[in-house]
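> model the following, please.
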Amino acid sequence: MSSEEQVLSDYQANRRKLEDEEDLVKRVDRKGQHLIEQAFYDLDVTARQSQADPQALAFIRQEIMRAQQTYDETIVTIKKQLAQKAEDNELAYREKMKQYH
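Below is the predicted model of the structure:
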């Protein structure tokens, strides 16, 4: 395998790895969003079916919302990091390929 082919192979391997990581983040995000929605649903069911303290329920709702916000921010950060890695991989590939043209 020539050096040029090796550069291409490395680039493609890194790209596939990053795409796999992006897919994993998407799956985790969907699962997390589902769990948050389920927590809100369960809280609503509990509120309707019990004599729970309204202040306690409001506090729990706020905590779930806070957790959702933190979760969303974390997912956004991870997605940005992966996008940056993909861009860095692309730039490194182009830079290395300049040597051969």
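> and the pLDDT at the residue lying farthest from the centre of the chain?
Taking CA atoms, centre = their mean as the measure, the residue most remote from the mean C-alpha position of the chain is Gln51, 37.8 Å away. On pLDDT, Gln51 comes in at 87.
> which stretches of this structure form helices?
Here the chain has its helices, by DSSP state H, at 3-49, 54-97.
> run a quick neighbour tally on Glu21.
By other CB atoms under 10 Å, 15 other residues sit near Glu21. All C-beta spots, glycine's among them, are computed from the backbone N, C-alpha and C.
> please disregard the earlier target; I meant Ile60.
Counted with other CB under 10 Å, residues neighbouring Ile60 total 17.
> over to Asp72?
By the criterion of other CB under 10 Å, Asp72 has 14 neighbours.
> gap between it and Asp29?
According to CB to CB, to the nearest Å, Asp72 and Asp29 sit 9 Å apart.
> show me what contacts the residue nearest to Tyr93 when sequence neighbours are not counted?
Excluding its sequence neighbours, the residue lying closest to Tyr93 (CB to CB, 6 or more residues apart in numbering) is Tyr11, at 4.0 Å. Residues in contact with Tyr11, defined by CB atoms under 8 Å, 6 or more residues apart in numbering, are Asn89, Glu90, Ala92, Tyr93.
> how many neighbours does Leu91 have?
By other CB under 10 Å, 10 other residues sit near Leu91.
> measure it to Tyr71 for me?
For Leu91 relative to Tyr71 (CB to CB), the value is 31 Å.
> correct me, but Leu43 touches Leu57?
Yes: with contacts counted by CB atoms under 8 Å, Leu43 reaches Leu57, the gap being 6.6 Å.
> let me know how buried Ser50 is, in neighbour terms.
For Ser50, the count of nearby residues is 9 (other CB under 10 Å).
> I'd like the distance between it and Gln6.
In terms of CB to CB, Ser50 sits 65 Å off from Gln6.
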